[in-house]
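Participant: Let's see this in three dimensions:
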Amino acid sequence: MANNDKLAKANIALRIKDDLSIEKNRNLIFIYCPQKVGSTTLVSSLRVSAASKMTILHVHNEGMLQTLYKLAPNVTILEIIRYNKSLGKNVYVIDVYRTPIEHKISLFFERVDTFHFNIAPLALIKMPMATIINRFLRLYPHIVDGDYFKETYKIPYPKQFDFNSKFMLVDNGDVKFIKLRLSDSASWATILTNLLGFHVTLFTDYETANKPVKDAFVAFKKAFLVPSPILDSLAHSKELMYYMSGPEIAEYITTWRIKSTATYVPAYTKDEFKLYQQIAQENKHFSEFQTQHYSDEGCICRDCSGKRANVLNELIKGNKSPGKIEHTGATNGGRGVPLIVGQGSSFHSPLTHRNAFNNHRRTVSVSSNSGSQSARAGIVVAPQSIRNGQRIQNVPTIKNDVPITVPMTAPMTAPNILNIGLESQPRMRIDIGSFPRRRPKKGI
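Facilitator: Purely as a prediction, here's the structure:
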């Protein structure tokens, strides 16, 4: 009973609804896999295709549950999965395999600014590329995320990946566990349509090549040569032999052999890597867990459903950048209009939701309209409950009209007042958004 109470509370924190009279609540998909395997594309594709029919959750590990949803350390993702099945729901769990070199490069770049070098994303391109490549190679064997399907799910699995169907499906305890490959992403829509019973349209999302580190990422891929010893070891990798056919392995090795080098950079030892992690963790000042990076946030209100229909129609017509489905009802006092302010000015906005920031990590996006000039934004959160406000430190420099995001973590109580002041001369654009979707009480 105590365990069920714990898991019922976890459902509430994760916004998993248990009223099975509603179709969306009866069908639950966990995208439970390592980072940087195309999982955000899966989430946005499933949401834009069937947000009213299925609840889609995106999780990587228990640390994510604890950081974003404040769940206790003794709550596991597998427990939540099994608990929801015990309530009579249709539960699917999806994992994705990605080829090792590409996966490690993307994992490295996911934290290259926040963890490995602790600098603004746009400053990376100014660093010597040899320095970035050297750091990657020293970390190479330590960049590991594991095989969730074979190791984390704790289920029996086939002796070999099915290269013909391009997926694996294991029904264990009436939970359907699915394994895909990122290399087959062009077939994901067809595969998932057949497995899930509704039409799925692919919505490519959150690729590294479209993020603030994109310039450094592109330069890295152009300059990077894989050391021959790494490539030689991959030729006999059990992982490759499980998820790739003989011809696929041969093609993969040949492709990288063209971009290989005899120069070998020794990796950090276990003790060196442990010290590296400790120092990098102490220097880190941005959270790596994000909730607001989806092209479809999953809201099914009337406005978001209308946006979703338009986006889906654009995707079907072949538009690869059809826009986003974001709930903006609480943005900028309900108007969702960007604000332009100048030197020495400030903006005071009464929010439409009481306690909108309580226990939530939210963001303010800031960009400069000053051309080549640079500026630093000083952001102050000043609700009445905080007499002198709280200044947000470590705000990056803004240059050339490039948006940045800074965290706001101060708890706020009604009446909620957001006070944003600027310390320098250029005009700035400030978008206030991503508040929890709650209906305001009467009188607020």
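Participant: residues of the helix or strand that residue 252 is a member of that come out buried?
Facilitator: Using DSSP states H and E, residue 252 maps to helix 246-257. For helix 246-257, the neighbour count (16 or more other Cβ atoms under 10 Å) marks 249, 252, 256 as buried. Every residue, glycine included, has its C-beta placed from N, CA and C.
Participant: Just confirm the second one contacts residue 240, I think it does.
Facilitator: Right, the one you point to is residue 252. Yes. Counting by Cβ atoms under 8 Å, residue 252 sits close enough to residue 240 to count as a contact (7.4 Å).
Participant: Between these two, which contacts overlap?
Facilitator: 99, 234 (Cβ atoms under 8 Å, 6 or more residues apart in numbering).
Participant: about what we covered before: helices and strands around the helix holding residue 252, which ones?
Facilitator: In terms of contacts (3 or more Cβ pairs under 8 Å, 6 or more residues apart in numbering; DSSP states H and E), helix 246-257 is packed against helix 228-234, helix 238-243.
Participant: mind checking how far the nearest residue to residue 158 once chain neighbours are set aside is from residue 299?
Facilitator: Leaving aside its sequence neighbours, residue 158 sits nearest to residue 168 (Cβ to Cβ, 6 or more residues apart in numbering; 5.8 Å). Using Cβ to Cβ, to the nearest Å, residue 168 is found at 32 Å from residue 299.
Participant: Can you report how many residues neighbour residue 103?
Facilitator: Neighbour count for residue 103, taken as other Cβ atoms under 10 Å: 20.
Participant: How about it: what's its closest non-neighbour residue?
Facilitator: Using Cβ to Cβ, 6+ apart, the nearest residue to residue 103 is residue 36, at 6.2 Å.
Participant: is it true that that neighbour touches residue 108?
Facilitator: No. If you go by Cβ under 8 Å, residue 36 and residue 108 don't touch, sitting 9.2 Å apart.
Participant: Helix, strand or coil: sort out residue 201 for me.
Facilitator: coil (DSSP: H, G, I helix; E, B strand; the rest coil).
Participant: okay, it: pLDDT?
Facilitator: The model reports residue 201 with a pLDDT of 92.
Participant: Confirm residue 327 sits in a helix?
Facilitator: No. Per three-state DSSP, residue 327 lies outside any helix segment and is coil.
Participant: What separation do you get for the nearest residue in space to it that is not next to it in sequence and residue 91?
Facilitator: Spatial nearest neighbour of residue 327, chain neighbours left out: residue 299 (4.2 Å); criterion: Cβ to Cβ, 6+ apart. Here the criterion is Cβ to Cβ. By it, residue 299 lies 22 Å from residue 91.
Participant: Give me the more crowded residue out of those two.
Facilitator: Taking other Cβ under 10 Å, residue 299 and residue 91 do not tie; residue 91 has more neighbours (23 against 19).
Participant: re earlier: please work out how many residues are found near the residue nearest to residue 103.
Facilitator: Neighbours of residue 36 (other Cβ under 10 Å): 24.
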